[in-house]
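Q: Quick one, what's the 3D model for this:
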Amino acid sequence: MHKLFAILNLTRLVFAAFRDLAIRFLPRSLVRLIMVTGRFAFIIHPLGFEDASRKYPFAVKLPERLIDIWARLYWPIVGSEITGFKTKRNEEVNGWIIICPLTPRQMMRNQSLARRKILQCVKLAEKLGAKIVGLGAFTSILTHDATDLIGKVKVGLTTGNAYAAALLIQNVTKIAEKIGMELKDATVAIVGAAGSVGSACTRILSEKVRQLILVDIDREALESLIATLRIRENLRSYSEVNVVSTADIVIALTSAIGEIITPSHLSSGTIVIDGSQPKNVSKEVIEHRPNVLVIESGLAKISGINYDLDLGLGKEEIYACLGEVLILTWKDWDGNY
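A: Residues are numbered from 1 along each chain as shown. Modelled structure (predicted):
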């Protein structure tokens, strides 16, 4: 019975994959006969080859080299329908999770291929009826915060950066309140300060904290950001991450692939807030530094929505980039955000 179920499930997945490929070439009138119309869509991608098994359980038995080839040749697919979401007029609308098959390492290794697949993802969302599409994780980074797609698609685009920054500032404020820390007396380090989320956090925190340590490998972008700030006397800028050892709170927001903040970078009692995907903070910090508190940011909670895909999140948790899509859908937003 178990073997029969596995065969049926594999058949269903193969059929769905070829259906999603066909949808890109079918007229929308015909697509509506095949699929339910979705008002919004959210694009994700695997963080590593092991994530392939979340959608395709049999992939756990495949060698990484084969999965690498498979992901490069594969096309965007529908990961799941999202149901149960209501607009401010109490109208229930559906959405879609679209999967770009490439990992961050594959995207960075072949950026032209990544951009083509991301565009295909958005085109697939268009065919499914989406009015706004959110770009998650590296799909935003590889398209320069979606600006590369403007003029190539008809849907509104968003990256989740604004909501991610808002949640991170909220996290900083709440944790400071809980431990009795006055932000005006604190030293905060932002690693990836010149990025989209990092620059937003820099602008806000520069007027709230005693000292702000800004770290980014793009020195030109970092200095350009600093030049726009109203308060600069409390700022220090660097390109090396080891300077964060003097900070009370360390915020990680880089687009680096993998872990860049290790136990040796952090002092006892440091609060680390990791808002990156993939995560910037080494697992060794959590496992071997009980005197350091690590908090995951970039997540929100929502009740009522349902989707049939394991994203590795807790109950009612969603990524901020999906949260922003839902907020804009709730507001009946029209156009890019």
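Q: Residue ranges in this protein under the pLDDT threshold?
A: The chain contains residues with pLDDT under 70 at 1-2, 4-6.
Q: Which is the succeeding secondary structure element to the strand or helix carrying residue 284?
A: Taking DSSP states H and E as the criterion, residue 284 maps to helix 283-288. Sequence order places strand 293-296 as the next helix or strand after helix 283-288, per DSSP H and E.
Q: right, and the helix or strand after that following strand?
A: Toward the C-terminus from strand 293-296 - assigned by DSSP H and E - lies strand 299-301.
Q: I figured residue 92 hits residue 85, correct?
A: Yes - in this structure, residue 92 is within contact of residue 85 by C-beta atoms under 8 Å, at 7.0 Å. Where C-beta positions appear, they are placed from N, C-alpha and C, glycine not excepted.
Q: more crowded one of the two?
A: Taking neighbours as other C-beta atoms under 10 Å, residue 92 and residue 85 compare with residue 85 leading, 20 against 11.
Q: Confirm the more buried one sits in a strand?
A: Yes - assessed by DSSP: H, G, I helix; E, B strand; the rest coil, residue 85 belongs to a strand.
Q: Okay, and the beta partners of it?
A: Under the criterion DSSP bridges, residue 85 forms beta bridges with residue 93.
Q: Run through the residues that contact it.
A: Going by C-beta atoms under 8 Å, 6 or more residues apart in numbering, residue 85 touches 92-95, 304-305, 326, 329-330.
Q: Among those residues, which one has the most neighbours?
A: Neighbour count (other C-beta under 10 Å) singles out residue 95 as the most crowded of the contacts of residue 85, with 30 neighbours.
Q: With residue 82 as the reference, measure out to that one.
A: Counting by C-beta to C-beta, to the nearest Å, the separation of residue 95 from residue 82 is 4 Å.
Q: Which residues are in contact with each of those two?
A: 38, 40, 42.
Q: now the helices for the protein?
A: Listed in chain order, the helices found in the chain under DSSP state H are 2-23, 28-34, 52-55, 64-73, 104-109, 111-127, 138-141, 161-179, 196-205, 219-227, 283-288, 320-330.
Q: which strands and helices sit next to the second one?
A: This means helix 28-34. In terms of contacts (3 or more C-beta pairs under 8 Å, 6 or more residues apart in numbering; DSSP states H and E), helix 28-34 is packed against helix 2-23.
Q: Would you mind listing the buried residues in the helix it packs on?
A: Buried residues in helix 2-23, counted by 16 or more other C-beta atoms under 10 Å: 17, 20, 23.
Q: Show me what it is packed up against.
A: Under the contact rule (3+ C-beta pairs under 8 Å, 6+ apart), helix 2-23 is packed against helix 28-34, strand 77-86, helix 111-127.
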